[in-house]
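Q: okay, predicted coordinates and the sequence, questions at the end:
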Amino acid sequence: MGQTLTEKILDDHLVEGELETGEEIGIEIDQVLTQDTTGTMVWLQFEAMGLDEVQTEIAAQYCDHQTYQFDFKNTDDHRFLRSAAGTYGAHFSRPGNGICHNVHRENFAAPGKTLLGSDSHTPTPGGLGELAIGAGGIDVTVAMGGAPYYIEMPEIVSVRLEGELPEWATAKDVILELLRRLSVKGGVGKILEYTGPGVESLTAPERMTITNMGTELGATTSIFPTDEQTEDYLERVGRGDEYVELQPDDDADYDDEIVVDLSDLEPLIATPSMPDNVVPVSEVEGESVEQVIVGSCTNGGYEDILPVAKMLEDRQTSLETETIVAPGSKQASEMLAREGWVAEMMAAGVNFSEATCGACIGIGHVPASDSVSLRTFNRNFEGRSGIEDDNVYLCSPEVAAAAALEGEITDPRNLDDVEAPGVELPDEYDGSKTDLIAPDEAVDDELIKGPNIGDVPIRDELGTDISGEALLKMEDNITTDHIIPATQDILMYRSNVPKLSEFTLSRVDDTFADRALEADGGFLVAGENYGQGSSREHAALCPMYLGIEGVLAQSFARIHRANLFNFGIVPLTIDEDTYDSIDQGDDIEIVDDVYEAVTSGQEEFTVRVNGEEFTATLDASERERSILAAGGKLSWTRDQAEDSGA
Ligand code: MIC
Ligand code: SF4
């Protein structure tokens, strides 16, 4: 039997295990990336583990999420990150140089390589044939120290593309269509491998829009084969020599197949407040729009902004709508500026912004209360824009430009006298590289920590008895934005866990942190897909700091589940009846000797809720169990180093 493309790359990097679905495998990591809001913990953990040098081929530290400096905290974080990159041997991308995924794809992403990143949209370079996975910060730390990355072998699903996109339908509509069909849970435990005759019509940047937003399906990653389009892109970014042809075997065996006929697609839009609430744009046409933002790691490339510039050229954006363009990288801004497009957009009424994540996580450009904001981003979780009563829609740059012109949601096919701009790549991506500092040009050679940078909290070894109150009962699809929001007032404490913990789950219940501290232990209870969304390990680290010992959920999102193990919180799966039987405030007790049960491989645990007994499951590998028993990955890694006499 032939191999899928995913299996070929995994095989090339396999250091432990077999490529059998559900088996734990260890793979070698070639490249790592981290960014400013997850990176401080990454380096503090690197230091705490006693590591002294980056071991991967490429390690890159980006400063992209929070580039506005409101006071010293964020500036201190960036200075610390520059010093860590210099001290340990990573590339450093300065604040303002652009979003990690955009800058990484321009400079480092390469076919056939593996990439691990402490950001959930790390799969972006899957569009170039790189096997790229998002993970919690400490997993990235360990990989950067040279250890393999372990995951359960996912199912491999073929997404077969047929036909070609019609005018005004875009790559964004391909992924919105998949979200419409499969939902935000549809990709959990899966790698989506794109196949079929429709692939060749998509340029590499279009493919990267699709692989980027595969994260919203919950997929482990998404990947395209490589071909002339890949080679063409690599040549245009000046790295043609890194091209390798990668295709699945003709008789490759997939676990499942989904067929998308590109020629059937039309402009789509995700309505508030989940990326899978997708409908045709025509269904919501006419809704007035107060804000339009073009940018983000999904649609912030030169090729995403050029169509907007062309649609707005010599026209005037609606006076009722504020239109913001924030490119994904400084390189894209620089190129658009040199070609005169920035001036064209400004003349049309665009507020041209710096290359940053910013508005995507509620930092800057917060919409007006209860207004409609249309964005080319990938997430529209309630409150993520910075206000609770937001109404954020997600769409392609073309649909965003149509709304900017008309002041209301508009199917671009109904625009008078505006031609479909199509997709156009520049001859050469030729922005200057002054903001990317290579390890051999490093500015610092020792760590610089400001007063906002605290220590990494460590949990003790797992206990034998775990009991406490069900401190909070939550519904399905709780996001990490609910657990630890990313808005400015909260994000600035990412390097200061005691302070940050005060905000834990405050979006669900603002008394939670106080109650948890007072209770000194206890449980969280949740429905399906708990912890979906970002990779932020703070969503496990802060509950740990507050004393949470276990989470009972109907199912967990992949990265958050790993983060719970990494910070010594026991993640138990419960069925719907058990979920229904638990009320907030109930007393919960794990009847088993927890340490013994976890380390001996026991799967079924008895949980007593107000005297009644239920079964909960711990589905975990031996490695995950030993990490949990040690109280988390930091202690576990140190113990391992001691045992091996290092
Ligand atoms: C996000 O899109 O939610 C983020 C902010 O990029 C996060 C990372 C973080 O929390 O810093 C992600 O996607 O992992
Ligand atoms: Fe940044 Fe938004 Fe992309 Fe996250 S999803 S990396 S916040 S642009």
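A: Okay, I see it. Ligands and ions are numbered 1, 2, ... in the order given.

Q: tell me which parts of the stretch 251-400 of the chain are close to ligand 2?
A: Within reach of ligand 2 by C-beta under 6 Å from any ligand atom, the stretch 251-400 of the chain has these residues: 296-297, 357, 360-361, 377-379. C-beta here means a position set from N, CA and C on the backbone, and glycine is covered the same way.

Q: repeat that with 5 Å
A: Within the stretch 251-400 of the chain, the positions near ligand 2 by C-beta under 5 Å from any ligand atom are 296-297, 357, 360-361.

Q: mind listing which of those residues are in strands?
A: Members of these lying in strands (criterion: DSSP state E): none.

Q: filter the residues you listed down to the ones close to ligand 1.
A: Taking C-beta under 5 Å from any ligand atom as the test, ligand 1 is in contact with residue 361 out of those.

Q: pretty sure residue 470 belongs to a strand, no?
A: Yes. According to DSSP: H, G, I helix; E, B strand; the rest coil, residue 470 belongs to a strand.

Q: look up how far residue 510 lies from it.
A: From residue 470 over to residue 510 the distance is 18 Å, taken as C-beta to C-beta, to the nearest Å.

Q: higher neighbour count, these two?
A: Applying other C-beta atoms under 10 Å to residue 470 and residue 510 shows that residue 470 carries more neighbours, namely 20 against 10.

Q: for the longest helix anywhere in the chain, buried residues please.
A: Ranked by number of residues, the top helix in the chain under DSSP state H is helix 72-88. Buried residues in helix 72-88, defined by neighbour count with 16 or more other C-beta atoms under 10 Å: 73-74, 76-88.

Q: ditto for stretch 486-498
A: Under the neighbour-count criterion of 16+ other C-beta under 10 Å, stretch 486-498 has 486-488, 490-497 buried.

Q: let me know the closest of those residues to ligand 1.
A: Of all the buried residues of stretch 486-498, ligand 1 sits closest to residue 486, with 4.9 Å by C-beta to the nearest ligand atom.

Q: circling back to that earlier point, which of the buried residues of helix 72-88 sits closest to residue 20?
A: Nearest to residue 20, judged by C-beta to C-beta, of the buried residues of helix 72-88 is residue 88 at 35.7 Å.

Q: for the closest one, give its distance to residue 148.
A: Residue 88 sits 19 Å away from residue 148, going by C-beta to C-beta.

Q: ok, residue 52 next?
A: According to C-beta to C-beta, residue 52 and residue 148 sit 19 Å apart.

Q: helix or strand: which one has the residue most central in space within the chain?
A: Nearest to the mean C-alpha position of the chain, counting by C-alpha atoms, centre = their mean, stands residue 120 at 1.8 Å. Using DSSP states H and E, residue 120 is not contained in any helix or strand.

Q: need the contact list for it.
A: Shown in contact with residue 120 (C-beta atoms under 8 Å, 6 or more residues apart in numbering): 134, 215, 533-535, 559.

Q: so which of those residues would count as near ligand 1 as well?
A: Filtered for proximity to ligand 1 (C-beta under 5 Å from any ligand atom), the contacts of residue 120 shrink to 534-535.

Q: so which of the contacts of residue 120 sit within strands?
A: The members of the contacts of residue 120 that map onto strands under DSSP E are residue 134.

Q: show me how to select, in ChimeraX, the buried members of the residues of the stretch 251-400 of the chain next to ligand 2.
A: Filtering these down to the buried ones (16+ other C-beta under 10 Å) takes a single ChimeraX command:
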select :296,297,357,360,361
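
Q: show me which pair in the residues of the stretch 251-400 of the chain next to ligand 2 is furthest apart.
A: Most distant of these, by C-beta to C-beta, are 297 and 361, 11.4 Å apart.

Q: helix/strand/coil for residue 549?
A: Per three-state DSSP, residue 549 ends up strand.

Q: next one: the closest residue to it other than its chain neighbours from residue 286, what distance?
A: Once flanking residues are discounted, residue 549 sits nearest to residue 466: 4.8 Å by C-beta to C-beta, 6 or more residues apart in numbering. Shown here: residue 466 relative to residue 286, a distance of 54 Å by C-beta to C-beta.

Q: more neighbours, these two?
A: residue 466 (23 against 10).

Q: now do the contacts for the more buried one.
A: 521, 549-550, 570, 589-590, 594.

Q: thank you, goodbye.
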